[in-house]
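**Q** For reference, the sequence and a predicted model appear below.
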Amino acid sequence: MKATHSSCARRGFSAFKLLLGLAACCLGLAAVWILVLPSVVVSAIHAKTGFAVKLDSLAVNPFAAKVRLRGLVLQNPAGWPEGAFVDLREFRADADLFPLLGGKLMADEVVVDIAQVTLVRNKQGELNAVVFKDALAGGKKPETAPAAKPGAPAGQDGFLIRRLNLRFDRLVHADHSGRSPSVKVYDLHLERELRDVDSFADLVSPFKGAALGVVSDALGGMFSGASGLLQNARGLLREGGDLLKDAGKRAGDTVKDLMQQLEKKKP
């Protein structure tokens, strides 16, 4: 009887050690994922667009449908008259990632905290935001958007953000296409909460005066025409989904290689 009890205790202890080992392995994989994913995304964006990228942190949880990044800085490629492009302190989305992979954005909450955006037009008249968008989209032409069904809910064929918290400190417009450069700085200090955002008109609604014209012109160049606005936005969402999937695969491969190396080092 004692032998049986001792045997059961040993089996129970072995199972406990196995569970601890599995838990430690999962924690290790999660830690490696967190460390590897930002560098993979940074290298992928730079390789695809030529824009220099810095990213402090990136967390993606497909099970909870959440994305969070901090400290994203984009720099224009070499040869541009201005180096700065985007300084994003934080982006956070509580969204459904599966529609995102299909080219749709459906989010309960999105937080965008922008320190500065510098829109630069070079001597050839090209706008950095448009060049970045075209490079990220791989030069693909937008697909024809299907007609919306009568009575369909807002955002069904594009995007719907139920609550958008926007903070935007500074906008810089640097135009080097003329005889002499023109640089204008707009200290916006915007802090707005928008509800049920399902159009780009909603997105630009917080801007006023000359800043509204600059933002609208940039968006118009990126998404020409009302129908092109939606089509190109959906194309970028698909590209973002593909980039995320590719980054996830590459990060997963890195984790797998690391685990194999650790396994080889075991006595």
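**A** Good, I have the coordinates. Numbering: from 1, shown residues only.
**Q** Work out for me the element the residue nearest to D196 when sequence neighbours are not counted sits within.
**A** Once flanking residues are discounted, D196 sits nearest to R162: 6.1 Å by CB to CB, 6 or more residues apart in numbering. All C-beta spots, glycine's among them, are computed from the backbone N, C-alpha and C. Using DSSP states H and E, the element containing R162 is strand 159-175.
**Q** Ok, G213 next?
**A** Using DSSP H and E, G213 sits in helix 209-222.
**Q** between that helix and strand 159-175, how big is the angle?
**A** Orientation note: helix 209-222 sits at an angle of 110 degrees relative to strand 159-175 (axes from the mean of the first three to the mean of the last three CA atoms, to 10 degrees).
**Q** Tell me how many other residues surround E109.
**A** Number of residues near E109 (other CB atoms under 10 Å) recorded here: 14.
**Q** For it, what is the enclosing helix or strand?
**A** Using DSSP H and E, E109 maps to strand 105-121.
**Q** Next, the angle from that strand to strand 159-175.
**A** 10 degrees.
**Q** Quick check: mean pLDDT of whatever helix or strand comes next after strand 105-121?
**A** Sequence order places helix 128-136 as the next helix or strand after strand 105-121, per DSSP H and E. For helix 128-136, mean pLDDT is 90.
**Q** what do you get for stretch 201-211?
**A** Across stretch 201-211, pLDDT averages out at 91.
**Q** Check stretch 171-186 too.
**A** 96.
**Q** ok, back up a step: residues contacting the residue nearest to D196?
**A** 107-109, 195-196 (CB atoms under 8 Å, 6 or more residues apart in numbering).
**Q** Relative to H189, how far out is it?
**A** 25 Å (CB to CB, to the nearest Å).
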